[in-house]
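S.K.: starting from these lines, generate the structure:
(one chain, ligands or ions: 1)
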Amino acid sequence: MIDVDLAIYYNPGIPGVLLIAEDRVIKFGKNYFCPIVLGQLVHNRYRVLSLLGWGGYAMVWLAVDQCSSPSPKYVALKIFRGAEKSNDEYSSNEERQLRKLILERDRGGIGRRNIIELFDAFEVESSNGVHRCLVLEPAGCSFADLVTFEEFGFDDVVYIFRQCVEAVEYLHSRGISHGDLDLANLVLALPDFSGLTEADVISKLLPDPKGCIIPIKMKDGTPLPPGVPESICSPCPFYEPKLDLDDLQVKLIDFGEAFTGTKPDVHTHSRNRPPELIEQGVASSSSDIWALGCIFWHLLTGYPLMSYFEQGSSKERYQGQRKFLSMTRQERRGQLTSFLARKFGQSAVDDEEYTGAILDVLLNTLEPTPSDRPTAGDLLSYSIFSLIKDVEASPDNNAQAVSDSRKPHDPGSPRHVTTKPKTRSNLALD
Ligand SMILES: Nc1ncnc2c1ncn2[C@@H]1O[C@H](COP(=O)(O)OP(=O)(O)OP(=O)(O)O)[C@@H](O)[C@H]1O
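M.R.: Next up, the predicted model:
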């Protein structure tokens, strides 16, 4: 039998551990991540079940609230990097923005359901510092991951995109810009687990909770330094195969860059950076609209728009973007049409109704001058949204609308942006 060493090694030089499968380093040590292990009780209340993901600022864990009754309540614990003292600026900005939205909750608005909920916040201390912890509504896999292994049909794209626009419209109507809109910050809502036992939910959420735990060791066999956990588990974001279009709900996360008015040096994802941020270094709510255009393209084609402008370094890609923006609107229309034809074939773009509706969204959201872009509210009235059946129109119409939306389309139409039928089961992993 071959003895395979599944441990990963702590590298004091980085200082952190490299998760090979992710090709990313998780840093532990002073002012880095909190050394959480599975099963740990956080704040005497939340028992950690698995790792949902991590970013530059925080690790996000699935946990069960021990104080909930009668049925267990699941939460996501977003535990920020350590700081010398409480109120680290990034974590407090995210908390502040989410708290503002809580105050607005009673005013309603359809996009409210698409914003992740904040339940609680507190501090956790470790040898790596003081960590702010946000207790959030738990969600599933990000759309950035989903587009890498699935192609969406046209109805899927428009249905998902409409929820993204509704979320942004909700935020903007409350005076908040997100600042970091990207498919990585749009995640699937979890289905309703009420009535299921904890064991059932764990088996649904965690295909193999023990299989993903990897011990951390020092290469020379010496004890781990303080602040480094004895094991790490690979992230286990939830995804339910056979998800139906009428069940699919998008949740917007990560409000760390959110702002009111205008803000300099916003860390928008590099693939969605608008010209005003690249050239003048300032973002506004119109920068979110630019990002919506990029998201629409990414959902539609499976690739970021930037990669169509130019390959290479981000400097080269921004030059490609600038070249695109210095064209006339007519030339930009021609360029986007040829990108679409390259991706889906010429016959797919020949249907003027569909291609025209797609181009309206793209050309207007990607206007070079921020004030020329539509508002999120304007976008919701665009013709693209009337090209799909409204699965939420009314409870009576629901079943018919969903079944209609699954009928195969005329193959000559650009609704066939993918070769697969356009049902939610397209997204199934099995
Ligand atoms: N409420 C949630 N439910 C499920 N998973 C989540 C939730 N919030 C975040 N995640 C997962 O954790 C990852 C990191 O979260 P988030 O983007 O909020 O962290 P961050 O450190 O602020 O990120 P960034 O470096 O992008 O600013 C996300 O990409 C997502 O996979």
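
S.K.: C-alpha from now on. contacts and neighbour counts both.
M.R.: Will do.

S.K.: stretch 272-283: how far from the chain's middle?
M.R.: On the basis of C-alpha atoms, centre = their mean, to the nearest Å, stretch 272-283 sits 21 Å off its chain's mean C-alpha point.

S.K.: make that stretch 57-73, sorry
M.R.: In terms of C-alpha atoms, centre = their mean, the centre of stretch 57-73 is found 20 Å from the chain centre.

S.K.: what helices and strands are in contact with the helix ranked longest in the chain?
M.R.: Ordering each helix of the chain by length in residues (DSSP state H) puts helix 154-173 first. Applying 3 or more C-alpha pairs under 8 Å, 6 or more residues apart in numbering; DSSP states H and E, we find helix 154-173 packed against strand 250-252, helix 285-301, helix 376-379.

S.K.: could you point out which element follows the shortest one?
M.R.: Which is strand 250-252. Per DSSP states H and E, the first helix or strand lying C-terminal to strand 250-252 is strand 263-264.

S.K.: what pairs with that next one, parallel or antiparallel?
M.R.: Strand 263-264 has the following sheet partners, assigned by DSSP bridges: strand 282-283 (antiparallel).

S.K.: how near is whichever residue of the stretch 151-300 of the chain sits closest to the ligand to Gly195?
M.R.: For the stretch 151-300 of the chain and the ligand, the shortest gap (C-alpha to the nearest ligand atom) falls at Asp254, measuring 3.9 Å. Between Asp254 and Gly195 the computed distance is 29 Å (C-alpha to C-alpha, to the nearest Å).

S.K.: which of these two has more neighbours?
M.R.: Asp254 (21 against 11; other C-alpha atoms under 10 Å).

S.K.: which pLDDT does the model give His298?
M.R.: pLDDT for His298: 96.

S.K.: how about it, what does it touch?
M.R.: Contacts for His298 (C-alpha atoms under 8 Å, 6 or more residues apart in numbering) come out as Val147, Leu183, Pro304, Leu305.

S.K.: count the neighbours of the closest residue to Ser307 other than its chain neighbours for me.
M.R.: Among residues not flanking Ser307 along the chain, Arg317 sits closest, at 7.1 Å (C-alpha to C-alpha, 6 or more residues apart in numbering). By the criterion of other C-alpha under 10 Å, Arg317 has 20 neighbours.

S.K.: what do you get for Ser69?
M.R.: Neighbours around Ser69, by other C-alpha under 10 Å: 8.

S.K.: for Leu366, same thing?
M.R.: Neighbours around Leu366, by other C-alpha under 10 Å: 25.

S.K.: distance of it from the ligand?
M.R.: Per C-alpha to the nearest ligand atom, to the nearest Å, Leu366 is found 23 Å from the ligand.

S.K.: list phi and psi for that residue.
M.R.: Backbone torsions of Leu366, given as degrees, to the nearest 10, read phi -100, psi 30.

S.K.: which bits of the stretch 101-250 of the chain sit near the ligand?
M.R.: Where the stretch 101-250 of the chain comes near the ligand, counting by C-alpha under 6 Å from any ligand atom, the residues are Leu136, Glu137, Pro138, Ala139, Gly140, Ser142, Ala184, Asn185.
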